[in-house]
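In: okay, structure incoming, though there's no sequence with it:
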């Protein structure tokens, strides 16, 4: 039997350099879709091809090299150092794949709301602990637990990963800073803190489309629309609703540009496909960077993800967040579908994050996964001899039992979560 190693498909080159016979090289996990054989290696494309892959190496199971004529190219015929390098290449290539994917995303560009960096509260859920604590609309969140937050993503992430008692949140209200202590409830499905506040959706212009009335009237990116025909504007949806019903009619728009308030008049044109009036503005801003800067930003993003995933793992171990918040294969497939519906770039970012998860999980010192192999091979290098075959088999069985139990529990949570969502 040739053992499946929990490595990225990119480790094949490492195996070959170490002189190890590679029987199967699979891009992806799960059942084989297509493949061909070249030389002694079968190359495959497997079902889940976005999330790493694996290689099957001759002699990768303890004692296997004794079952047939040795060739000197079996995995366990190599030195502990060579085996460590081969095994470590798997998680390393998961990380490299994440870097490449993030580079593609930053280079191609992605859209964010114009008010993405705005930490102003747009709405506070009624009868929530947030309302009871005293949070108000138009409060601007400055820090959470002493950590400065720059956008709403950071707010959600910091609150979700907070452990301890009530969360100290500093807000700016009418020019004065005050600190509120909130004790969020817990979501019944995920066990994570419920966030009873939502971001402001002010009518902030992100892009002005050339050739449309907005450009002709002099509107600019960064302008904040305050009123349409004298009616005060609270959010983007309200503003677009007023304009869409005024095709061919002159409207007066009051806006703020910097510290100055300006009034302009323009006439929305009819969008024949949608049957509504439009003036040619968007609340989205496209962020696109040169190749080298994209590459640099990908490392910063990957570092942030590594720290976040490591912190989540620590909180799971310490039971600071419940295990039911984890997603297994079923949950990942479901989330992948949701993310894919938003476009290819969000999907690439999700795949990159999953690969970073795989990389960190694989280096944990759990038998069967790469981290467990690294511990055993390091121990062999220190002792000068490997553990007995019997002990290695016992360790692998314990590790496999642990992983299978964990997989069953997580899959059960995934199924229960999906059933709960369908009922709702």
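Out: Structure received. Fair warning: this is a prediction, and the values are worked out from it, not measured in the lab.

In: okay, buried residues for the longest helix anywhere in the chain please.
Out: Counting residues, the longest helix found in the chain (DSSP state H) is helix 389-423. Across helix 389-423, burial judged by 16 or more other C-beta atoms under 10 Å covers 392, 395, 396, 399, 403, 410, 413, 414, 417. For glycine as for every other residue, the C-beta is placed from the backbone atoms N, C-alpha and C.

In: which sections of the stretch 251-400 of the chain are below the confidence cut-off?
Out: 324, 329-330 (pLDDT under 70).

In: where along it do the strands fall?
Out: Per DSSP state E, counting those that start in this stretch, the stretch 251-400 of the chain carries strands over the ranges 251-257, 260-266, 269-271, 276-278, 281-282, 284-287.

In: give me whichever of those is most buried.
Out: Of all these, strand 281-282 has the most neighbours on average by mean count of other C-beta atoms under 10 Å, namely a mean of 22.

In: for it, which strands pair with it and how are they oriented?
Out: Each strand paired with strand 281-282, and its direction, by DSSP bridges: strand 207-208 (antiparallel).

In: what's in contact with the helix or strand following the partner strand?
Out: For strand 207-208, the following helix or strand on the C-terminal side (DSSP states H and E) is helix 213-217. Helix 213-217 has contacts (C-beta atoms under 8 Å, 6 or more residues apart in numbering) with 205, 208-209, 253, 264-269, 279-281.

In: residue 184: neighbour count?
Out: By other C-beta atoms under 10 Å, 20 other residues sit near residue 184.

In: likewise for residue 57?
Out: For residue 57, using other C-beta under 10 Å, the count is 30.

In: skipping adjacent residues, who's closest to it in space?
Out: Nearest non-adjacent residue to residue 57, counting by C-beta to C-beta, 6 or more residues apart in numbering: residue 75, 4.5 Å away.

In: then residue 315?
Out: Nearest one to residue 315, counting by C-beta to C-beta, 6+ apart, is residue 321 at 4.7 Å.

In: got JSON lines for the contacts of helix 213-217, with distance to residue 182 too?
Out: Shown next, in JSON lines, are the contacts of helix 213-217 (distance: C-beta to C-beta, whole Å):
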{"residue": "205", "distance to residue 182": "33"}
{"residue": "208", "distance to residue 182": "39"}
{"residue": "209", "distance to residue 182": "41"}
{"residue": "253", "distance to residue 182": "37"}
{"residue": "264", "distance to residue 182": "41"}
{"residue": "265", "distance to residue 182": "45"}
{"residue": "266", "distance to residue 182": "43"}
{"residue": "267", "distance to residue 182": "47"}
{"residue": "268", "distance to residue 182": "42"}
{"residue": "269", "distance to residue 182": "46"}
{"residue": "279", "distance to residue 182": "40"}
{"residue": "280", "distance to residue 182": "41"}
{"residue": "281", "distance to residue 182": "36"}
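
In: closest one to residue 366 among the strands of the stretch 251-400 of the chain?
Out: strand 284-287 (38.2 Å; C-beta to C-beta).

In: who touches the closest one?
Out: For strand 284-287, the surrounding residues in contact (C-beta under 8 Å, 6+ apart) are 106, 109, 110, 111, 112, 113, 114, 116, 206, 207, 221.

In: repeat that for stretch 369-376.
Out: Residues outside stretch 369-376 that contact it (C-beta under 8 Å, 6+ apart): 5-7, 83-84, 87-88, 90-91, 361-367, 386-387, 392, 395, 399, 403.

In: buried residues, stretch 21-32. List them.
Out: For stretch 21-32, by 16+ other C-beta under 10 Å, it's 21, 22, 24, 25, 26, 27, 28, 29.

In: what ranges do the helices span in the chain?
Out: Going by DSSP H, the chain shows helices at 12-17, 80-108, 129-133, 152-160, 213-217, 236-244, 291-317, 329-340, 344-362, 370-383, 389-423.

In: show the average pLDDT along the fourth one.
Out: Yep, that's helix 152-160 we're talking about. Across helix 152-160, pLDDT averages out at 89.

In: not counting its neighbours along the chain, what's nearest residue 340?
Out: Distance criterion C-beta to C-beta, 6+ apart; nearest residue to residue 340, sequence neighbours excluded, is residue 347 at 4.7 Å.

In: the one you found: how many residues sit nearby?
Out: Around residue 347 there are 19 other residues, counting by other C-beta under 10 Å.

In: residues contacting residue 179?
Out: By C-beta under 8 Å, 6+ apart, the residues touching residue 179 are 168, 169, 170, 171.

In: by neighbours, which of the residues you listed wins?
Out: Ranked by the number of neighbours (other C-beta under 10 Å), the contacts of residue 179 place residue 169 first, at 25 neighbours.

In: surely that one and residue 143 touch.
Out: Yes. Counting by C-beta atoms under 8 Å, residue 169 does reach residue 143; the two are 7.3 Å apart.

In: next, work out how far apart residue 234 and residue 122 are.
Out: If you measure residue 234 against residue 122 using C-beta to C-beta, to the nearest Å, the figure is 8 Å.

In: would you confirm that residue 281 contacts residue 220?
Out: No. In this structure residue 281 lies outside contact range of residue 220 using C-beta under 8 Å: 9.9 Å.

In: intersection of neighbour lists for those two?
Out: Common contact partners of residue 281 and residue 220 (C-beta under 8 Å, 6+ apart): 205, 208.

In: for the closest residue to residue 41 other than its chain neighbours, list each beta-bridge partner.
Out: Nearest residue to residue 41, sequence neighbours excluded (C-beta to C-beta, 6+ apart): residue 22, at 4.9 Å. Using DSSP bridges, the bridge partners assigned to residue 22 are residue 57.

In: begin at 394 from now on, thanks
Out: Got it, the first residue is 394 from now on, which makes the last one we talked about residue 415.

In: so residue 415 makes contact with residue 436?
Out: No. Taking contacts as C-beta under 8 Å, residue 415 lies outside contact range of residue 436: 9.7 Å.

In: just give me the neighbour total for residue 539.
Out: Number of residues near residue 539 (other C-beta under 10 Å) recorded here: 7.

In: what sits against it?
Out: residue 561.

In: surely residue 647 touches residue 656?
Out: Yes. With contact defined as C-beta under 8 Å, residue 647 counts as touching residue 656 (5.1 Å).
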